[in-house]
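Undergrad: Using only what follows, build the 3D model:
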Amino acid sequence: MTPLLVVDDLHASVEGTDILKGVDLTVNQGEIHAIMGPNGSGKSTLANVLLGHPSYTVTHGTITYKGEDITQATPDERGRAGMFLGFQYPEEIPGVSVINFLRTALSNRTGIDYTVLELRLKVVEAMRELEMDPAFADRYLNEGFSGGERKRNEVLQMAVLEPDLAVLDETDSGLDIDALKIVAEGVTRLSSEDRGFVVITHYQRMLDYITPDAVHVFLDGRIVETGGPGLADQIEASGYDDYRTGAAET
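TA: Numbers count the residues shown, from 1 in each chain. A predicted model of the protein is given here:
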């Protein structure tokens, strides 16, 4: 398998506080990796550092994407290279419609200046597959959206932008069971032999609908255990206490 993302001994801080403390992770093309951990373990920091958020400082280690060191690359450079971040709490952008947002994002991603009609045809097809109302495209981005609509909108963005690596930061947060199924089915539909996913979650329930190739336990700023899909069931049954003990001893 071809490595898509290689994270090597990654350390990062925010405002002088160390958050990531030696993360090692390899995601090959076509793989789905789940990162599970309690609140405050550093999972969202990892997502933001992978996409180059300027508030975080990498103090040691490297991030290699498609064979190139992108540790110091800007967020827009990573986006153009095919990386995508699904936010835990997507922001509202009043006055900017979903269709116009996607047109700008896709043009930046591909370098092609799509017309509104060309983009609308692409979006409508993606919406049909995701069981979304076409009128959704003309609403302002996330304004008045329910939690489920915001997350489905991010799956729509993935379907249109076709990233090579998608990092989903607690996409299941705040979703009811029906919305969760639609989001999970969208992720499954977008899976391919070339695309990789890093699914960050607090609970096991998302993994009832997405079968990962690997599950990682994230505690105190690093991965402390890696296993197959059954590891998520163990966490659901017994929690993180055993892993906290092991992490404290290392």
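
Undergrad: who's in contact with the nearest residue to residue 213 once chain neighbours are set aside?
TA: Spatial nearest neighbour of residue 213, chain neighbours left out: residue 31 (4.4 Å); criterion: C-beta to C-beta, 6 or more residues apart in numbering. C-beta here means a position set from N, CA and C on the backbone, and glycine is covered the same way. Contacts for residue 31 (C-beta atoms under 8 Å, 6 or more residues apart in numbering) come out as 1, 4, 196, 197, 213, 214.

Undergrad: switch the cut-off to 10 Å
TA: For residue 31, the contact set (C-beta atoms under 10 Å, 6 or more residues apart in numbering) comprises 1, 3-5, 191, 193, 195-198, 212-214.

Undergrad: Show me which of those residues is closest to residue 115.
TA: Taking C-beta to C-beta as the measure, residue 115 lies nearest residue 195 of the contacts of residue 31, at 26.5 Å.

Undergrad: Confirm for me that the closest one is in contact with residue 162.
TA: Yes. Counting by C-beta atoms under 10 Å, residue 195 does reach residue 162; the two are 7.9 Å apart.

Undergrad: Looking at the two, which is more packed in?
TA: Set residue 195 next to residue 162 and count neighbours by other C-beta atoms under 10 Å: residue 195 wins out with 20 against 17.

Undergrad: any idea how far the more buried one lies from residue 151?
TA: For residue 195, the distance to residue 151 equals 19 Å [C-beta to C-beta, to the nearest Å].

Undergrad: ok, now residue 215?
TA: According to C-beta to C-beta, residue 215 stands 21 Å off from residue 151.

Undergrad: Over to residue 55?
TA: 23 Å.

Undergrad: coming back round to it: can you redo the contacts of residue 31 as JSON lines with pLDDT, distance to residue 75 and secondary structure?
TA: Shown next, in JSON lines, are the contacts of residue 31 (pLDDT from 0 to 100; distance: C-beta to C-beta, whole Å; DSSP: H, G, I helix; E, B strand; the rest coil):
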{"residue": "1", "pLDDT": "70", "distance to residue 75": "27", "secondary structure": "coil"}
{"residue": "3", "pLDDT": "94", "distance to residue 75": "22", "secondary structure": "strand"}
{"residue": "4", "pLDDT": "97", "distance to residue 75": "18", "secondary structure": "strand"}
{"residue": "5", "pLDDT": "98", "distance to residue 75": "16", "secondary structure": "strand"}
{"residue": "191", "pLDDT": "90", "distance to residue 75": "24", "secondary structure": "coil"}
{"residue": "193", "pLDDT": "92", "distance to residue 75": "27", "secondary structure": "coil"}
{"residue": "195", "pLDDT": "95", "distance to residue 75": "20", "secondary structure": "coil"}
{"residue": "196", "pLDDT": "96", "distance to residue 75": "18", "secondary structure": "strand"}
{"residue": "197", "pLDDT": "95", "distance to residue 75": "19", "secondary structure": "strand"}
{"residue": "198", "pLDDT": "96", "distance to residue 75": "16", "secondary structure": "strand"}
{"residue": "212", "pLDDT": "93", "distance to residue 75": "26", "secondary structure": "coil"}
{"residue": "213", "pLDDT": "95", "distance to residue 75": "27", "secondary structure": "coil"}
{"residue": "214", "pLDDT": "97", "distance to residue 75": "26", "secondary structure": "strand"}
